[in-house]
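1. Fold the following.
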Amino acid sequence: MYCETCGSGYTNDVMDHFQNPRNSGHLVDADGEGKTGDPECGDHIVISIKVRNQRIEDIRFLVYGCAAAIATTSMTTELAKGKTLTEALNITDDDVANALGGLPENKLHCSLLGPTALKNAIQNYYDRISDFKKCLMYQD
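-> Below you'll find the model as predicted:
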């Protein structure tokens, strides 16, 4: 159902996540951090994750961008929280757009931003583990 009061072409769910974003902010002690952006529209996103037992225990995001960028990143964090890293890596732009009840055609590209930043955060987490293991090897 589309938001009749704002006439924007956004669904009520998109407007809700834009006006009341979930998991906004930054994790100071993050285990991984991922960034992405869209140079054409100027959106920029940072997602930080806290991992325990290969599961996303906590997740936060910062967005500089439009309503759709904020809403889709908020939904991405909702879909990822509590998931295993493998499950989180499988979150797609279609999953995000569908969970929000759809997006206007000219804003569909925004649904790529959250999953991309999330994948980058997970990769950063794995890179940090790898670097830590290398440091331990060279200490012997």
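
2. So for the chain, the centremost residue is which one?
-> The chain has G114 as the residue nearest its centroid, 3.4 Å off, counting by Cα atoms, centre = their mean.

3. And the strands in this structure, which stretches?
-> Using DSSP state E, the strands found in the chain span residues 32-38, 43-52, 55-64.

4. In TSV: those strands, plus mean neighbour count and distance to I129.
-> (C-beta placed from N, C-alpha, C; glycine too.) As requested, the strands of the chain are arranged in TSV below (neighbours: other Cβ atoms under 10 Å; distance: least, Cβ to Cβ, whole Å):
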stretch	mean neighbour count	distance to I129
strand 32-38	19	9
strand 43-52	22	9
strand 55-64	19	15
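
5. my guess is the residue nearest to the centre of the chain contacts T76, does it?
-> Yes. With contacts counted by Cβ atoms under 8 Å, G114 reaches T76, the gap being 2.9 Å.

6. which residues do those two both contact?
-> Both G114 and T76 are contacted by 47, 61, 96, under the criterion Cβ atoms under 8 Å, 6 or more residues apart in numbering.

7. Let me see the mean pLDDT of stretch 19-32.
-> The average pLDDT for stretch 19-32 rounds to 97.

8. buried set for that stretch?
-> 21-23, 27, 30-32 (16 or more other Cβ atoms under 10 Å).

9. Looking at those residues, which are in helices?
-> When helices are assigned by DSSP state H, not one member of those lies inside them.

10. Max pairwise distance over these: which two?
-> Pairwise distances across the buried residues of stretch 19-32 (Cβ to Cβ) peak at 21.6 Å, for the pair P21 and D31.

11. returning to that earlier point: do you know which of the strands of the chain lies nearest N90?
-> That would be strand 55-64 among these, by Cβ to Cβ, at 12.6 Å.

12. Present the buried residues of stretch 19-32 as a markdown table; the columns should include distance to L100.
-> Formatted as a markdown table, those follow (distance: Cβ to Cβ, whole Å):
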| residue | distance to L100 |
| --- | --- |
| P21 | 12 |
| R22 | 12 |
| N23 | 15 |
| L27 | 24 |
| A30 | 25 |
| D31 | 27 |
| G32 | 24 |
